[in-house]
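Participant: kindly return the folded structure for what I paste below:
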Amino acid sequence: MAYGGPAADAASADRGGAGLRLYSLAERPGIRLVGEISPSTRPVWRQALAQLSGRHDHVCFLELSAITFVDVAGASELARTAQALTERRRLVLERPPPELPRILDMFWPELRTIEVAA
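Facilitator: You can find the predicted model right below:
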């Protein structure tokens, strides 16, 4: 999956829903996501998380201000990815939708490899 700045280069899934588009962050390691994280976009979400977890950066950023919805299964995928990271690595969620930190706190309160930045 290639991440790119222009929308034409974005990886996406759009099967009847809002879709999910991914863009590289130019100024730091990570991706910006646009759309929703739901059953129809789960393959793209999984692939994005796998790419982030495979990076060698100590911190990877997920800019989520344009995410309109995250289901519990999507949050679970994120938590599993974070649990597989070593203690020295972390994912920073920038401006996630309000339900995501609540779901993570409810089901994975001890998860230390995710940081939420408002």
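Participant: roughly how far does the residue nearest in space to the middle of the chain sit from residue 78?
Facilitator: Residue closest to the average C-alpha location in the chain (C-alpha atoms, centre = their mean): residue 62, at 5.1 Å. For residue 62, the distance to residue 78 equals 8 Å [C-beta to C-beta, to the nearest Å]. No exception for glycine: its C-beta is placed from N, CA and C like everyone else's.
Participant: shared neighbours, these two?
Facilitator: residue 91 (C-beta atoms under 8 Å, 6 or more residues apart in numbering).
Participant: just checking: what are the partner strands of the lengthiest strand in the chain?
Facilitator: Using DSSP state E to define each element, the chain has its longest strand at strand 59-70. Partners of strand 59-70 in the sheet, by DSSP bridges, are strand 30-37 (parallel), strand 90-94 (parallel).
Participant: restricting to C-alpha, output the next helix or strand after it in PDB.
Facilitator: Per DSSP states H and E, the first helix or strand lying C-terminal to strand 59-70 is helix 72-83. Taking Å, rounded to 0.1, in the frame of the first residue of the first chain, the C-alpha atoms of helix 72-83 are listed here in PDB:
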ATOM      1  CA  VAL A  72     -15.500  -1.600  18.500                       C
ATOM      2  CA  ALA A  73     -13.900  -4.100  16.100                       C
ATOM      3  CA  GLY A  74     -11.700  -1.300  14.600                       C
ATOM      4  CA  ALA A  75     -10.700  -0.300  18.100                       C
ATOM      5  CA  SER A  76      -9.900  -3.900  18.900                       C
ATOM      6  CA  GLU A  77      -7.600  -4.100  15.800                       C
ATOM      7  CA  LEU A  78      -5.800  -1.000  17.000                       C
ATOM      8  CA  ALA A  79      -5.400  -2.400  20.500                       C
ATOM      9  CA  ARG A  80      -4.000  -5.700  19.200                       C
ATOM     10  CA  THR A  81      -1.500  -3.800  17.100                       C
ATOM     11  CA  ALA A  82      -0.400  -1.700  20.100                       C
ATOM     12  CA  GLN A  83      -0.200  -4.800  22.300                       C
END
